[in-house]
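>>> I would like to see how this sequence folds:
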Amino acid sequence: MGDYQSALNETFRFRPVNNEITGTMIFDHYWPKKDYLRGLAYEGLGDKSNARESYIDFLRIWSDADDNLPEVIDAKKRLSNLGWNS
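Residues are numbered from 1 along each chain as shown. Below is the predicted model:
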């Protein structure tokens, strides 16, 4: 909605938590996409350096993902627009 700083702050709240009953980790619904969402927020704030870093982190973590996933396609496009070449 244009409030990029609040959006960015929210991404730092995404984290796995330890389920003490089963001893397994429970991941926030947005955990897998946190770096992509951070990139969007940084980009909205005009912070190109951190946006690039976030998209690179997202693509590194998702390196085995299907190249046709919308977030992967968009992250690559945004990186290109930010002047980064893989």
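
>>> where along this structure do the strands fall?
With DSSP state E as the criterion, the chain has strands at 17-18, 25-26.

>>> Rounded mean pLDDT for the first one, please.
Same thing as strand 17-18. Strand 17-18 carries an average pLDDT of 54.

>>> try the last one
The average pLDDT within strand 25-26 is 53.

>>> Sketch out the low-pLDDT regions of this protein for me.
Where the chain drops to pLDDT under 70, the residues are 1-2, 8, 11-31, 85-86.

>>> which one's the longest helix in it?
helix 48-61 (DSSP state H).

>>> Can you give the contact residues for that helix?
With contacts defined as CB atoms under 8 Å, 6 or more residues apart in numbering, helix 48-61 is touched by 32-33, 35-36, 38-40, 42-43, 71-72, 75-76, 78-79, 82-84. For the C-beta atoms, the positions are set from N, CA and C on the backbone; glycine is no exception.

>>> How about the contacts made by L69?
W62.

>>> for it, phi and psi?
phi -70, psi 130 (degrees, to the nearest 10).

>>> Could you report the neighbour count for I73?
12 (other CB atoms under 10 Å).

>>> whoops, I mixed them up, L79
Neighbour count for L79, taken as other CB under 10 Å: 20.

>>> Relative to D3, how far out is it?
24 Å (CB to CB, to the nearest Å).

>>> just R38 next, same as before
15 Å.

>>> With neighbour numbers in mind, choose between the two.
Ranked by neighbour count (other CB under 10 Å), R38 and D3 place R38 first, with 23 against 11.

>>> ok, for the more buried one, nearest residue in space, not its chain neighbours?
The spatially closest residue to R38, leaving aside those adjacent along the chain, is S54, at 4.1 Å (CB to CB, 6 or more residues apart in numbering).

>>> Can you report how many residues lie near that neighbour?
There are 26 residues near S54, going by other CB under 10 Å.

>>> can you check the one 5 residues further on too?
The local packing count at L59 equals 19, with neighbours defined by other CB under 10 Å.

>>> now do L82
Neighbours around L82, by other CB under 10 Å: 15.
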